[in-house]
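Trainee: Need coordinates for the following:
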Amino acid sequence: MWQPIYNTLLGRFSGQRALGQACEQHRIERFFTFPNFERSAERVAEQLRLAGLEDVEVEDFPADGKTTWSGWRAMTAWDVESARLRMTSPRRALLADWTLKPASLVMYSGPCEVEAEVVEWNGELEADLSGKLPFTRHRINDVYPQMQRLGVTGILSDFIGTLPGVRDPFDLPDEVRWENSGLRPANGAAWGFMLTPRQGEMLRGLLRRDKVRIRAEIRSRVYDGLFKSATGVLRGAELPDEEVLFCSHLYEPGANDNASGVGVGLELARCLCAAIASGDLPRPRRTIRFLFNWEGYGLMAWFEKHRDRSILGGLNIDEIGVDQSKGRSVTHLFMPPASNASCIGDLVQHLCGEILSPQVRWKPVADRAEIINDTITSDPNINAVMPCLIQYPSRYYHSSGDVPETLSAEVMERFGLLSGTHLSFLANAGPREGGYLAQVAMHACRQKLHDAELRLLTGQWPFEAGRSRNWFLQQFITRGESLGKFGLSPQGVDAFKEAISRTVAAWLDRLQPSFPAPKPRGDQQQALDRARALIPSRATLGAPKAWGSLALTPEQHQEYRRVLYANNLDLLFHRLCYWADGRRTLLDIVDLLELEMDELQRDTGIARTSSGSLITAQQATQINLDAVLYIADLLIRNGYLRAKRG
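Mentor: All right, here's what the predicted structure looks like:
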């Protein structure tokens, strides 16, 4: 079914061309300022025109720090003329120069001309930092609330982020972390530099023996401006208003993250147009749209602007080009969320096994919209399902070591062939293809039951029979309904749902004695009563971002972070919104979130990008209900959820 598409693209899609495109993108975006971002979008649009796409345009969106799209607050524009960091005592040395290593300057740093004594500081609120320049081993995001409370405006950090099995700090002793969000809320009133691990150890050694003084000079500006998205279409022949979407983000300085994804997308646009022009590939029934913009923020802005478009779903690729032996990476396929399970995810997973293996290591994992931002349209309220392929974690992730020399043309070619096959299959799907998709989806459902059975038989499945039944049926029925978008008749959809319902019933009957008995919740009665009575529904098109979308004082922000991390609720923030359909109570939603957390804790090696910390593995299956009520109350007060009482 998909093989003719793949065979047509094989030999046409050039990994070398994709690599060349990635190098050009990296040349522009490694200096990550808004004027360069504009050049990047304009270049992408020009390449899309040369490829042969129609309706190519560059769209403007505000970068004013005020406009929001479902809680995703616009960045403020930022530009840099120069930035240097020098040690003046006890010896003279150049520590950082933006023109040599752009990532050494924390993004959104405001202008400064400061000389001060350096002191080591790791967030202590009792510290007296008057006239001092703090130096921390933490990520700036993790100490920014304390900076605010102490009135600190400048900071140094040698945090690079530990990724177990992939990277420890001294894997990259002479590289710095690209810090893109820690000082964003300061709106130019704060500044910072990133040091290498080697420089950090040198500085700590000096501080143990002597006073250290450093001079920082930054010429930069934070201002109201614009950011841009570039898009174009390969118009469908029969159903042009139905669109299948390819998405890959711009505006990051890494060659892998994400010049490689953009390079694959541009080469894929050229390859598909050429194959159609030569008659080797028929024009698709539906339109294939290519979209390149700001990760998460730009995607939400674009979807809010184009609510009237019929986007059926598609694929997001992000930092996919690294040579896996150099990056020590495994490709993760982030699947659609359980609240909006889809045959789109099943097709990608099937094609990964057929096209990526064995050349590229990969594995499917649960949705993580809090770190993989361009999956946010898989939200059932938007319903444009976008599984993501990404080589995260990778050795060079968000560091100055993410350069073109780490990329592989062969790996990029594999991802180009996979992307083109997937998108073209969906764009061409009719009744015959819909029947094939139904078989792929049925296999995926049965595999889920098989995996749960193995855990059940070894005493590792913690959920009772009734709860398990509802969990699987909810996902499997939603999968069946998604088949109707891609050619399966209403009768075929009903037949799928009936068949999978019988399969689940037979599975439960056979394994009934193995299920654990129901366990009462350990929460206080007052919390249980509140959660049973609260019925949340959506108030915005999309789910807000966990960071920067809530009105919080610095003290409240510290408590918010504590509650999120202590209960792993940063992983469930989007999901809480996804399940809020105006029918489920908050207690119903918590039941579902606990099943999702069970899936997430099986991928604990995937670190949080917000702090670099790992998911805390917990044996208890119950989520703290008071913590969920705290988050739900914030979402309601800030206008993202509505609440009625049951």
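
Trainee: only C-alpha atoms for contact and neighbour calcs from this point on.
Mentor: Noted.

Trainee: measure Leu595 to Gly165 for me?
Mentor: 27 Å (Cα to Cα, to the nearest Å).

Trainee: Identify each buried residue in the host helix or strand of Thr8, please.
Mentor: Using DSSP states H and E, Thr8 sits in helix 3-9. For helix 3-9, the neighbour count (16 or more other Cα atoms under 10 Å) marks Ile5, Tyr6, Thr8, Leu9 as buried.

Trainee: ok, now stretch 528-548?
Mentor: For stretch 528-548, by 16+ other Cα under 10 Å, it's 528, 530-547.

Trainee: just to revisit the earlier point, show me which of Leu595 and Gly165 is the more surrounded one.
Mentor: Leu595 (18 against 12; other Cα atoms under 10 Å).

Trainee: Touching, Met75 and Phe61? I think so.
Mentor: No: using Cα atoms under 8 Å, Met75 is not in contact with Phe61, being 10.2 Å away.

Trainee: Have a look at those two and say which one is more surrounded.
Mentor: Met75 (27 against 17).

Trainee: still on that earlier bit, quick one: residues in contact with the helix holding Thr8.
Mentor: Cys271, Leu272, Ala275, Asp280, Leu281, Leu417, Leu418, Gly420, Thr421, Ser424, Phe425 (Cα atoms under 8 Å, 6 or more residues apart in numbering).

Trainee: Now, of the residues you listed, which are buried?
Mentor: For the contacts of helix 3-9, buried by 16+ other Cα under 10 Å: Cys271, Leu272, Ala275, Leu281, Leu417, Leu418, Gly420, Thr421, Ser424, Phe425.

Trainee: returning to what we had before: can you redo the buried residues of helix 3-9 as TSV with pLDDT?
Mentor: Putting these into TSV (pLDDT from 0 to 100) gives the following:
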residue	pLDDT
Ile5	98
Tyr6	98
Thr8	98
Leu9	98
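
Trainee: Just give me the closest of those to Thr331.
Mentor: Closest approach between the buried residues of helix 3-9 and Thr331, by Cα to Cα: Tyr6, at 20.2 Å.

Trainee: So the chain: which segments form each domain?
Mentor: 3-74+226-428, 77-222, 431-514, 525-645 (automatic domain parsing).

Trainee: and Leu417, what does it touch?
Mentor: Tyr6, Leu9, Leu10, Phe13, Ile355.

Trainee: tell me which of the buried ones among the contacts of helix 3-9 is nearest to Lys644?
Mentor: Nearest member of the buried ones among the contacts of helix 3-9 to Lys644, counting by Cα to Cα, is Phe425, at 42.7 Å.

Trainee: re the thing from before, check the contacts of helix 3-9 and tell me the two furthest apart.
Mentor: Greatest spacing in the contacts of helix 3-9, by Cα to Cα: Asp280 and Leu418 (17.8 Å).

Trainee: Strands along the stretch 251-400 of the chain, start to end?
Mentor: 286-292, 310-318, 331-334, 362-365, 388-390 (DSSP state E, counting those that start in this stretch).

Trainee: what's in contact with the third one?
Mentor: It stands for strand 331-334. With contacts defined as Cα under 8 Å, 6+ apart, strand 331-334 is touched by 320, 349, 360-368, 387-392.
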